[in-house]
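Chemist: could you work out the structure for the sequence below:
(one chain, ligands or ions: 1)
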Amino acid sequence: MIKNIIFDLGNVLLKFKPNEFLLRFTDDKEYIDQFISKVTRSKTWLELDRGTNSVENARTIFLSEYPDEKEIIELFFDQWMDMLTPIEENVKILEEVKELGYRTYILSNYIIEAFSYVSSKYNFLSLFDGQIISGVEKVIKPEKAIYELLLSRYNLAPEESLFIDDVLFFLKPAKKLGMKTIWNRPETDLREELKKLDIFP
Ligand SMILES: [Mg+2]
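Modeler: Sure thing, here's the model as predicted:
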């Protein structure tokens, strides 16, 4: 029986669509794709997720690596946290499962500065019974240690725990440890998936 429901943040409870966001800078989608993968798949960005670098420092690094793209880098770093807005239908689901008596947790690769920002802005982030944020813990998904940290810190039995993430390969370690999982793709009806697991009537 599931007692614990664990949520990823990005693209489960909070939007993270940098490509859409940068359409305010240019309508050249190909350029945006290149820019975003260059930034978010870089070692520097991974260090932000892992909490071993600061956002300000990362901005300086990107500016020195790509001086010709100063304008888009400045825009991105000045405004990117604005795009981290709640996915309302899933926030509602969170509130409902909480009311049904499930314990709720966050397991997320999230940059510390961004987490502080969204925590001060959105009240639903105070609803959780516990949270493992990569930038705070200095360990990231899909490293096994971050899943084990969640289970041990909050004393969760994996077979009583359900993990929801939009990235398939972040679910694999959870599954291996015995947790149930839901892959939350853009087309997923999360409420339907939770019904299948008898969490909603
Ligand atoms: Mg995510």
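
Chemist: tell me the contacts of Lys17?
Modeler: 11, 83 (Cβ atoms under 8 Å, 6 or more residues apart in numbering). Quick note: C-beta positions are derived from backbone N, CA and C, even for glycine.

Chemist: which residues touch the residue of the chain found nearest the ion?
Modeler: Across the chain, no residue is closer to the ion than Gly10, which sits at 3.5 Å (Cβ to the ion). Contacts for Gly10 were tallied using Cβ under 8 Å, 6+ apart; they are 16, 108-110, 166.

Chemist: list the buried ones in the helix or strand of the chain with the lowest mean pLDDT?
Modeler: Averaged element by element with mean pLDDT, DSSP states H and E, the chain has its least confident helix or strand at helix 18-21 (a mean of 90). Buried residues in helix 18-21, counted by 16 or more other Cβ atoms under 10 Å: 18, 21.

Chemist: what sits up against that helix?
Modeler: The contact list for helix 18-21 (Cβ under 8 Å, 6+ apart) reads 29, 32-33, 36, 39-40, 76, 79-80, 82-83.

Chemist: same deal with stretch 74-82?
Modeler: 18, 21-22, 24-25, 35, 39, 55, 58-59, 62-63, 113-114, 117-118.

Chemist: can you select the buried ones from these in PyMOL?
Modeler: Buried members of those, defined by 16+ other Cβ under 10 Å, are picked up in PyMOL with:
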select buried, resi 18+21+22+35+39+55+58+59+62+114+118
